[in-house]
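J.: coords please:
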Amino acid sequence: MADELATNLGRRSAEERVAYLLIYIVEQIKKREVGRDHGYPFPLRQQHIADMTGLTPVYVSRVIKIFRDSNLVEMEGGTVRILNHPKLERIGRLK
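T.: Numbers count the residues shown, from 1 in each chain. Take a look at the predicted model:
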C-alpha cells in the first residue's frame, strides 16, 4: 500500500490523484455497507483531500469543480455520489 501511495503522489496528475482518492474511499465505504443509492458519507473537507494528495486546497477545489462540471461526481451535504464510476476509474488509472 505504501508503494501505491508513493506512486499516487509522485507520478500522477492532480486529477488522477483526486480521482484515485475518491474511488478508494468509496470502495472502502462500500465494504462496510454504509452507502446508499443517493450517496456515501463523506466527511472530508477540501483541506483533508489536499493533505492526502499533496495538493493545495485551491487546486483540489478546481479539480472537484471539473469533476462536477463533467458529471462525474456530486458532493454536497457531507455525501459523495459517483455518477460515472468507469470514467473516474480511468482518470485515476485504476483500470
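J.: There's contact between Arg17 and Thr53 in this structure, I believe.
T.: Yes: between Arg17 and Thr53 there is a contact under C-beta atoms under 8 Å: 4.1 Å. (Glycine included, C-beta is placed from N, CA and C.)
J.: Looking at the two now, which is surrounded by more residues?
T.: Applying other C-beta atoms under 10 Å to Arg17 and Thr53 shows that Arg17 carries more neighbours, namely 24 against 20.
J.: three-state assignment of that one?
T.: The assignment at Arg17 comes out as helix when based on DSSP: H, G, I helix; E, B strand; the rest coil.
J.: Tell me where the model's unsure across the protein.
T.: Applying pLDDT under 70 to the predicted model, the residue ranges of the chain that meet it are 1-2, 4-9, 33-38, 94-95.
J.: so where do the helices sit in it?
T.: In the chain, helices defined by DSSP state H lie at 2-11, 14-31, 46-53, 57-69, 85-91, listed in chain order.
J.: quick one: contacts for the most centrally placed residue in the chain?
T.: When C-alpha atoms, centre = their mean is applied to the chain, the residue found nearest the centroid is Leu22 (2.0 Å). Listed by C-beta atoms under 8 Å, 6 or more residues apart in numbering, the contact partners of Leu22 are Phe67, Val73, Val80, Ile82, Leu88, Gly92.
J.: If we use 10 Å, what do you get?
T.: Neighbour list for Leu22: 40, 42, 44, 49, 63-64, 67, 72-73, 75, 80, 82, 88-89, 91-92 [criterion: C-beta atoms under 10 Å, 6 or more residues apart in numbering].
J.: Restrict stretch 73-82 to CA atoms and write it as CSV.
T.: Once non-C-alpha atoms are left out, stretch 73-82 reads as follows in CSV (Å, rounded to 0.1, in the frame of the first residue of the first chain):
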residue,chain,number,x,y,z
VAL,A,73,-19.4,13.2,-9.0
GLU,A,74,-21.8,15.0,-6.8
MET,A,75,-20.5,16.3,-3.5
GLU,A,76,-22.9,18.0,-1.1
GLY,A,77,-24.2,17.8,2.4
GLY,A,78,-21.4,15.5,3.6
THR,A,79,-22.0,12.9,1.0
VAL,A,80,-20.4,11.9,-2.3
ARG,A,81,-22.0,10.2,-5.2
ILE,A,82,-20.0,8.8,-8.1
